[in-house]
Every structure is written in structure tokens, then in C-alpha cells.
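Colleague: Got a predicted structure plus its sequence, pasted below:
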Amino acid sequence: MIKTRFTEMFGVEHPIAQGGMQWVGRAGLVAAVANAGALGFITALTQPTPEDLTKEIARCRDLTDKPFGVNLTILPAIKPPPYAEYRQAIIEAGIKIVETAGNKPQEHVDEFKKHGIKVLHKCTSVRHGLSAERMGVDAISIDGFECAGHPGEDDVPGLILIPAAADKIKIPMIASGGFGDARGLVAALALGAEGINMGTRFMATVESPIHENVKQQMVENDERSTELIFRTMRNTSRVAKNAISIQVAQMEREGAKFEDVRELVAGQVQGLINDIPTCAVLVSRIVSGAEEIINGRLGGMVGKRVAVAAE
Ligand SMILES: Cc1cc2nc3c(=O)[nH]c(=O)nc-3n(C[C@H](O)[C@H](O)[C@H](O)COP(=O)(O)O)c2cc1C
């Protein structure tokens, strides 16, 4: 068992979250993550209407008694979805944990907090983490440049971003982007985070609702198999590299939008994905592997240095 301020705050067994994933964060996967003792998030905007979201939450409750949350992502859009209505559906369903992401979440954070909901805000820079902290969120999830989806425009990798954020942010913070195994969890804890958030790694699990061929392709891909698109629009997205994304990079010059590539998102952590386990196997092997690294390899190194110093 690895206990952190994250596990305490959200009432979950393990310091691992499955962040919101458009088209992937549905009840089946989220319930499997919850049953594995980690914290999964249904992605609100994957559901075509707020009523569908209410049904998806109910479906998830049929599959698990453990805590889970809902992700509400606020992105710039020509025709924005009815955010306030999705927010109301989340509140009325009695959800107790929300992951917010994207621009200017203040009104949503205020409303969630008014209803006693814990808010985990996902951001990609120290300054946005600090402003979310001032906004009153309960915890931060911080995404390094490695991540799938929206890495922001600063291009700071997790090795720098996580300790830089840990130096300044006081509320619990989990590290996101590029995590997929026990070594990553130990590294995140060492860098000052209270746990990890994973997207890509959870896509390649038995319960993930994507096509088997896509999962298999993720196993075959390596860490170089992603592409950054929409840089020119300052709305950068990291997606899987394939004939289509190469074409999307080309289409960018002709004005393509995120919706055109939504199923193609994947992060550099593909280079560490070698199988398609169940969520239960994945979570338990990350946690038990992390314990082994901490107590074994790392503990052994400390012992050796003390012995040398004592000679
Ligand atoms: C297919 C996919 C869709 C995603 N959609 C969203 C989203 O709608 N909202 C959001 O906040 N993050 C989204 N993300 C980002 C993840 O929640 C998470 O922050 C990211 O995947 C972490 O990086 P990793 O993939 O290296 O683990 C998405 C990620 C993937 C892989």
C-alpha cells in the first residue's frame, strides 16, 4: 500500500488516476479502474447530451461501489457545448469528485465547491497550477510535455515541471504525462508528486473501449510514435503518429480542428507499453512494483552509501 495525500483526499486505495479521455472515458473503463482501487473519470463531453451523461454515471454505479469522478474539459470552441448543463447533471447525479481541465474553470469550480464536490484541476504549467490553487481547487494534476492530448505551449517535460510545481504548489498534486509503470510512479513520488495520472496506458487495457487493432498498434509503437499537431493555433495536441496524423499535420495548414483527430490521441509512453492487461492487473503491478523499487533497489542503494560513509 502506498498512502499519500492524494489517496487520503479522494478515498482511493492507490495513488493512480485515469484522467478524462474523450471517447475513451466511458463507464466500463472507469468502473474497472475504480474496482482496481484507482480513481477513474467519466469524460462528460463524450456523452452527446447532459441526459446521456446522467445515464452513463448510473451505468458506472451499476458496475462499481468504489469512488469515481467525472471530467469536465473546457476548451475553446466555435460552438461551445452547454457546459453549465453538463455541470448541473454532474451535481444532480451526486458525483463527489470532478476533474476540470482547460480554460478559465472558475465559475465551474465555484459551483462544484458549493455542492461539496472535490475538484482536481488538470493543467500544464506551474503558473496555471498556482492560479487554480488560488481559485480554490482541492488538488492539481500537472501534465508534462510527454502527455497525450493537450500538452500546452511551454514544452516543459515532467522531469522539470513536476519538481518546479512541487516547490510552489501547496495542495496535493499528482504528476501526469508519460507514466505507465512502477518506475514512473516511484519517480513521480520522488519528484514531489502524491501520485500519477495516466491516459495512454489505460487506453491499452482489456476494458478500454477502443478497437483491438488500435490497442495492438500501441503495443507495437515506440516512444517516437507520436506527432504534435495544431502548434500554429497555439492549441497543441500530441497524437499517435500514423498515416492519418501525418495527413492531419498537413491539413492543419488548411484549418482542421481537434474534433477531426480525436480518436487518434496517444502519448510518448507508448514506448513503455508492451501488453494489454486488465485495469486490475495494471494497477496492482504498478503499485507492487513501486513498493519493490522503493524497498529493494532504492533502499539497497541508501544502505550501501551509509555503510561506505561509516568505514
Ligand atoms: C484518447 C485521449 C483523449 C483525451 N481526452 C482528454 C479530455 O477530453 N480531457 C482532458 O482533460 N484530458 C484528455 N486527455 C488527457 C489525459 O487525461 C491525460 O492527461 C494524458 O493522457 C496523460 O498523458 P499520458 O497519455 O502520457 O498518460 C486525453 C488523453 C487521451 C489519450
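Modeller: Done, it's in.

Colleague: alpha carbons only for contacts and neighbour counts from here, please
Modeller: Fine.

Colleague: so what pLDDT did the nearest residue to Thr236 once chain neighbours are set aside get?
Modeller: Once flanking residues are discounted, Thr236 sits nearest to Phe230: 4.7 Å by C-alpha to C-alpha, 6 or more residues apart in numbering. Looking at Phe230, its pLDDT reads 79.

Colleague: I'd guessed Phe230 sits against Val239; true?
Modeller: No: under the criterion of C-alpha atoms under 8 Å, Phe230 is not in contact with Val239, lying 10.5 Å apart.

Colleague: Between the two, which is the more surrounded one?
Modeller: Comparing Phe230 with Val239 by other C-alpha atoms under 10 Å, the one with more neighbours is Val239, at 25 against 20.

Colleague: Just say helix, strand or coil for that one.
Modeller: Taking DSSP: H, G, I helix; E, B strand; the rest coil as the rule, one finds Val239 in the strand state.

Colleague: how close does it get to Glu223?
Modeller: For Val239, the distance to Glu223 equals 12 Å [C-alpha to C-alpha, to the nearest Å].

Colleague: Do a quick rundown of the helices in this protein.
Modeller: 5-10, 27-35, 50-63, 83-92, 106-114, 126-135, 158-168, 182-190, 200-203, 212-220, 243-252, 279-292, 299-310 (DSSP state H).

Colleague: Same list as before, these that is, but in JSON lines and with mean neighbour count and mean pLDDT included.
Modeller: Shown next, in JSON lines, are the helices of the chain (neighbours: other C-alpha atoms under 10 Å; pLDDT from 0 to 100):
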{"stretch": "helix 5-10", "mean neighbour count": "18", "mean pLDDT": "98"}
{"stretch": "helix 27-35", "mean neighbour count": "26", "mean pLDDT": "98"}
{"stretch": "helix 50-63", "mean neighbour count": "17", "mean pLDDT": "98"}
{"stretch": "helix 83-92", "mean neighbour count": "18", "mean pLDDT": "98"}
{"stretch": "helix 106-114", "mean neighbour count": "16", "mean pLDDT": "97"}
{"stretch": "helix 126-135", "mean neighbour count": "17", "mean pLDDT": "97"}
{"stretch": "helix 158-168", "mean neighbour count": "18", "mean pLDDT": "98"}
{"stretch": "helix 182-190", "mean neighbour count": "20", "mean pLDDT": "98"}
{"stretch": "helix 200-203", "mean neighbour count": "27", "mean pLDDT": "97"}
{"stretch": "helix 212-220", "mean neighbour count": "16", "mean pLDDT": "94"}
{"stretch": "helix 243-252", "mean neighbour count": "15", "mean pLDDT": "76"}
{"stretch": "helix 279-292", "mean neighbour count": "19", "mean pLDDT": "98"}
{"stretch": "helix 299-310", "mean neighbour count": "10", "mean pLDDT": "69"}
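
Colleague: pLDDT wise, what is the closest residue to Gly11 other than its chain neighbours at?
Modeller: Nearest residue to Gly11, sequence neighbours excluded (C-alpha to C-alpha, 6+ apart): Pro67, at 7.3 Å. Note for Pro67: predicted pLDDT of 98.

Colleague: wait, what's in contact with Pro67?
Modeller: Taking C-alpha atoms under 8 Å, 6 or more residues apart in numbering, we find Pro67 in contact with Phe10, Gly11, Val12, Ala34, Leu39.

Colleague: Quick check: the third one vs Lys3, distance?
Modeller: For Val12, the distance to Lys3 (C-alpha to C-alpha) stands at 9 Å.
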